[in-house]
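A.B. asks: Sequence below, structure please.
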Amino acid sequence: MYDVILSGKITGDAEYRLKFAQAVVKVKTVFPCANVWNPAALPDDREYRWYIRQCLRAIMDDAGPTCVLVLMKGWNRSPGAVAEWAVARCLGMPVVKLWEL
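C.D. replies: Numbers count the residues shown, from 1 in each chain. Below is the predicted model:
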């Protein structure tokens, strides 16, 4: 079973919840038994730093051979997603692009 962490642009994207929900559906079609960590499901009343900590903690805690970071389109225009990508790469976590699944 895989643990999948979604990573993409949230700040400044009014449609982020829809995009992340669609990403969960796509991931579940490829990895039906995967546990999907969706940052768009976090509460929306916190400070930016809190969200970054949650996202990086998810990567740090789940890094391993069965955990995959899935990048969504536009991830490279998000400082948070770029940080997630960098940490995942440093930890040797597999990184894939959603549109290549």
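A.B. asks: Measure how far the host helix or strand of Ala23 is from the centre of its chain, please.
C.D. replies: Element membership of Ala23, judged by DSSP states H and E, is helix 16-30. Relative to its chain's centre, helix 16-30 lies at 11 Å (C-alpha atoms, centre = their mean, to the nearest Å).
A.B. asks: How are the strands of this structure distributed by residue range?
C.D. replies: 3-7, 35-37, 67-71, 95-97 (DSSP state E).
A.B. asks: buried stuff in the second one?
C.D. replies: Put plainly, it is strand 35-37. By neighbour count on 16 or more other C-beta atoms under 10 Å, the buried set for strand 35-37 is Val36, Trp37. C-beta coordinates here come from the backbone N, C-alpha and C atoms, glycine included.
A.B. asks: Also the last one?
C.D. replies: Along strand 95-97, the positions that meet the burial threshold by neighbour count (16+ other C-beta under 10 Å) are Val95.
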